[in-house]
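Peer 1: coordinates only, no sequence provided:
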Ligand code: COA
């Protein structure tokens, strides 16, 4: 194992983001494009969701292709090589195959050694889950450098007869490289993941799911004809839960970080619906201008949405080193979580 940081494990107090990256497929599908095959309109999608366009993967492009591209970009920003990695965690509910995990293909495509590589199936919360798990490994001192990726290829999981849901989602991948953060010296504020927390409420599993074609209800013709192998969502239930739980877990993560909302520079919330983001903003009392928003360009990319938005804001200079960022996400499960990070 090649290590790039000379700090001894005893001095590691947290993990920090060393680099970010993202990948969006080239094909852009506007609301007007969708309106040619779905009974919808740009006006409805824009006013109800804030989405103007989304990216769809090309034929033959797999989740692991997008994930590997995002991972390479994050490694390049961190100034690291694949050989520096000790672990790969991929948040996804759209792996290339049911078996093995998407992370396995990412490992192969990156050319990494036989480091552990595994998936987290926490849907839109998958990236926060992955980052939280990676943070525990790095704090524990046994692992130094972890690539955490969120990737989703949901365009192949849409029921194009369900106009309420099929207009919402897009494809893409985002990634961060996490490494050790050491005890601050000379009164400097701590950097890295200051707090992270994750939750699940399985009683709401039916609100957002793919109803069949798993091991409980194997793929038979009837399920395929009824589109039971596609994403099904009770949008209003998910909406209400999202506003409530994103607000509460953000407040919890902030409290656990011992910061106040006035200490935050940015919020990178899951990009599911502009109206959800606005309501979380007003409930948290944190101005909407401080939210990183790109839902108009990408739609809901599920586990990829936070790392894509984070990477865009880092690369265009909105998020600066030393600034404090709150991230929060919620998705199928219902699973949700939040993290406070000083960059
Ligand atoms: N185009 C045009 N009209 C549409 C439409 C579309 N794509 N989808 C639904 N409509 C119509 C409905 O048929 C309904 O018409 P009616 O009043 O004549 O019956 C009307 O718009 C309102 O539909 P409704 O389902 O009540 O819309 P909504 O305001 O609840 O918005 C969602 C629907 C999905 C955008 C919203 O519920 C949502 O964002 N939910 C949360 C989604 C989410 O966050 N998911 C992921 C979490 S990871």
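Peer 2: That came through, no problem. Just so it is clear, the model here is predicted, and its values are computed rather than measured.
Peer 1: would you mind listing what in the stretch 101-250 of the chain touches the ligand?
Peer 2: 124, 163, 164, 167, 233, 235, 236, 238, 239, 242 (C-beta under 6 Å from any ligand atom). All C-beta spots, glycine's among them, are computed from the backbone N, C-alpha and C.
Peer 1: quick check: of those, which has the highest neighbour count?
Peer 2: residue 124 (31 neighbours; other C-beta atoms under 10 Å).
Peer 1: so the spatially most central residue of the chain: helix, strand or coil?
Peer 2: Among the residues of the chain, the one closest to the centroid is residue 303, at 3.1 Å (C-alpha atoms, centre = their mean). Going by DSSP: H, G, I helix; E, B strand; the rest coil, the secondary structure assigned to residue 303 is helix.
Peer 1: that one reaches residue 91, doesn't it?
Peer 2: Yes - Residue 303 lies in contact with residue 91 (C-beta atoms under 8 Å); the separation is 3.8 Å.
Peer 1: so residue 267, which state does it fall into?
Peer 2: Taken by three-state DSSP, the conformation at residue 267 corresponds to strand.
Peer 1: in a markdown table: the residues of the stretch 101-250 of the chain next to the ligand, plus pLDDT and secondary structure.
Peer 2: Putting those into a markdown table (pLDDT from 0 to 100; DSSP: H, G, I helix; E, B strand; the rest coil) gives the following:
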| residue | pLDDT | secondary structure |
| --- | --- | --- |
| 124 | 98 | helix |
| 163 | 96 | helix |
| 164 | 95 | helix |
| 167 | 97 | coil |
| 233 | 95 | strand |
| 235 | 89 | helix |
| 236 | 91 | helix |
| 238 | 94 | helix |
| 239 | 95 | helix |
| 242 | 97 | helix |
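Peer 1: returning to that earlier point: who touches both of residue 303 and residue 91?
Peer 2: 122, 125, 126, 127, 130, 150, 151 (C-beta atoms under 8 Å, 6 or more residues apart in numbering).
Peer 1: out of these, who's nearest the ligand?
Peer 2: Nearest to the ligand among the shared contacts of residue 303 and residue 91: residue 125, at 8.1 Å, using C-beta to the nearest ligand atom.
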